[in-house]
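> This is the structure alone, sequence omitted:
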């Protein structure tokens with residue numbers, strides 16, 4: 001490194017540090033001309049704008065910022081602005097990016113943004129923080145304009161885990177759409193993409209050791225028409241008679257994982273076990289308690305079997321599958337499902353299985369709930385040997401929680417509360433607030449739905465930290481996640497319609513300070529944000545835009 005370059009870098013960081021020390025931060029008041037979603041922690045508006053030409057210089061101090069500058073170039077191109085990278089300081093620099101030391105209060109994902117007479121400066125402690133600063137910068141620019149309001153922002157997330165989920169087991173979506181989905185969640189400062197890859201209705205991940213998963217498990221013979229009951233086996237359904245399915249190759253998965261990582265999003269794979277396994281059992285019937293025959297499910301709801309907990313070949317199969325999964329996903333977590341094995345509407349296969357009864361006797365297990373705990377603990381131990389941690393739906397509490405498991409609480413808050421009190425980490429995703437397959441209005445005009453009604457205001461009002469927890473227990477709440485189950489979402493447009501703008505509300509729940517959340521202020525900012533969603537070609541629920549316009 002040359003002395004000249006070193007002096008330039010020192011000068012850059014000193015200048016940035018001086019700017020930080022001069023800022024007096026206060027809670028964001030979100031003036032009408034600065035409409036950012038999610039709302040920043042601190043925002044001090046100015047009284048002028050930075051006006052840009054068709055060409056803007058992007059200054060970086062070293063190669064650590066080069067990838068982010070490249071993303072910024074892409075974003076600016078959407079505004080018909082050409083961003084020119086520069087590593088030399090000068091009067092023509094309009095955007096300044098730097099990674100340096102920030103106050104500890106801003107954490108690893110925080111950033112500082114200043115827009116004024118000298119252009120725009122973004123300083124962060126990490127590349128992720130710099131990325132979030134860039135997202136804010138792009139939201140500061142009005143649609144079809146090349147101006148940025150004078151502003152000083154200090155910002156950081158409330159929670160470390162900020163997630164959106166997508167079920168591709170019921171309906172599969174192209175890699176292009178999955179990338180778009182990741183783009184949208186990254187623009188809203190989410191940092192986890194929970195990819196639900198296996199289901200009763202379809203196995204969506206290529207496993208090279210078990211090709212029948214792709215040949216048989218990835219396809220179903222037909223799909224139910226209209227709303228299917230999830231509460232009884234006796235209801236008669238009509239089917240479309242069309243074979244349906246598909247899967248993601250290992251190359252496609254690597255491509256998506258990298259695409260997400262470039263946007264500071266971690267992809268968490270979900271491999272469902274011991275239930276929701278009909279697609280796998282159709283491919284390998286020896287893994288079920290009865291031995292089949294089975295078929296990939298054609299409806300949603302109640303199915304006759306799960307993985308057999310009494311057969312060693314079940315665990316050999318799952319360990320082989322997980323061996324391939326962990327090589328594809330660098331995430332610290334693997335989600336293993338664990339839900340609805342003992343839903344009261346299911347036939348408890350394990351109770352009638354001689355192999356499972358033998359296992360229970362050998363292991364001193366009193367009932368099938370403890371057998372499920374044995375199953376989960378055994379999988380956790382195996383994944384632990386691979387350097388991974390498990391996440392499971394809150395049913396994994398039943399029969400005793402695996403030692404290092406993180407609980408995803410979906411059946412209300414009770415599971416999350418219980419897990420946090422036991423000292424386990426928790427991600428809140430309660431169905432009544434954060435399941436985005438529920439209706440958004442009461443007009444009856446929306447597409448076919450599972451059930452429920454979850455308006456935007458209700459989503460926005462939810463707080464992930466239950467009042468029943470002590471301060472120490474509350475530290476185990478890592479964050480929250482919105483879930484998108486696709487039983488009745490056949491197209492990308494339907495997914496976007498059900499997800500947005502409710503995902504915007506969730507982004508604010510997990511990023512912005514609780515004390516500053518205000519629904520009226522949120523819907524005011526959403527007036528501008530709807531224009532961004534249009535520019536991003538999102539098929540959001542436009543009837544909500546009309547409702548907001550009346551406020």
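Yep, that arrived. Every value quoted in this text rests on a predicted model; they were computed, and no experiment measured them. Numbers count the residues shown, from 1 in each chain.

> So residue 279 belongs to a strand, correct?
No - judged by DSSP: H, G, I helix; E, B strand; the rest coil, residue 279 forms no part of a strand; its state is helix.

> C-terminal to the helix or strand bottoming out on mean pLDDT in the chain, what's the next element?
Ranked by mean pLDDT, DSSP states H and E, the helix or strand of the chain with the weakest confidence is helix 3-22, at a mean of 38. Next along the chain after helix 3-22, taking DSSP states H and E as the criterion, comes strand 42-51.

> Tell me the buried residues in that next one?
Under the neighbour-count criterion of 16 or more other CB atoms under 10 Å, strand 42-51 has 42-46, 49-50 buried. Where C-beta positions appear, they are placed from N, C-alpha and C, glycine not excepted.

> Looking at those, spot the one nearest residue 136.
Among the buried residues of strand 42-51, residue 43 lies closest to residue 136 (CB to CB), at 9.5 Å.

> Let me see the contact set for residue 299.
Residue 299 is in contact with 223-224, 228, 237, 239, counting by CB atoms under 8 Å, 6 or more residues apart in numbering.

> Specify which member of those residues is nearest to residue 324.
Once CB to CB is applied, the member of the contacts of residue 299 that ends up nearest residue 324 is residue 223, at 27.8 Å.

> who touches the closest one in this structure?
239-240, 242, 244, 298-299.

> Which of those residues fall within strands?
Of the positions in the contacts of residue 223, residue 244 sit in strands, assigned by DSSP state E.

> residues contacting the spatially closest residue to residue 186 that is not a sequence neighbour?
Residue nearest to residue 186 in three dimensions, not counting chain neighbours: residue 263, with 3.9 Å by CB to CB, 6 or more residues apart in numbering. For residue 263, the contacting residues are 71, 131, 182-183, 186, by CB under 8 Å, 6+ apart.

> Out of those, which end up buried?
Of these, these count as buried by 16+ other CB under 10 Å: 71, 131, 182, 186.

> Arrange those residues in TSV, one row each, with pLDDT and secondary structure as further columns.
Formatted as TSV, the buried ones among the contacts of residue 263 follow (pLDDT from 0 to 100; DSSP: H, G, I helix; E, B strand; the rest coil):
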residue	pLDDT	secondary structure
71	93	helix
131	97	helix
182	98	helix
186	98	helix
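
> quick one on the thing from earlier: quick one: which of the contacts of residue 299 is most hemmed in?
The most crowded member of those, judged by other CB atoms under 10 Å, is residue 223 (23 neighbours).

> any idea how far residue 330 is from that one?
For residue 223, the distance to residue 330 (CB to CB, to the nearest Å) stands at 34 Å.

> Could you do residue 414 as well?
33 Å.

> Repeat that for residue 199.
In terms of CB to CB, residue 199 sits 24 Å off from residue 330.

> which ones are touching residue 549?
By CB under 8 Å, 6+ apart, the neighbours of residue 549 are residue 527.

> for the stretch 251-400 of the chain, what spans make up the helices?
Using DSSP state H, counting those that start in this stretch, the helices of the stretch 251-400 of the chain run over 278-283, 312-328, 354-363, 368-385.

> The ones you listed: which one's closest to residue 432?
Counting by CB to CB, and looking across all of these, nearest comes helix 368-385 at 24.6 Å.

> which residues of this protein score low on pLDDT?
Low-confidence segments of the chain, defined by pLDDT under 70: 1-33, 88-93, 229-235, 302, 342-347, 550-551.

> Could you break it into its assigned domains?
3-155, 161-517 (automatic domain parsing).
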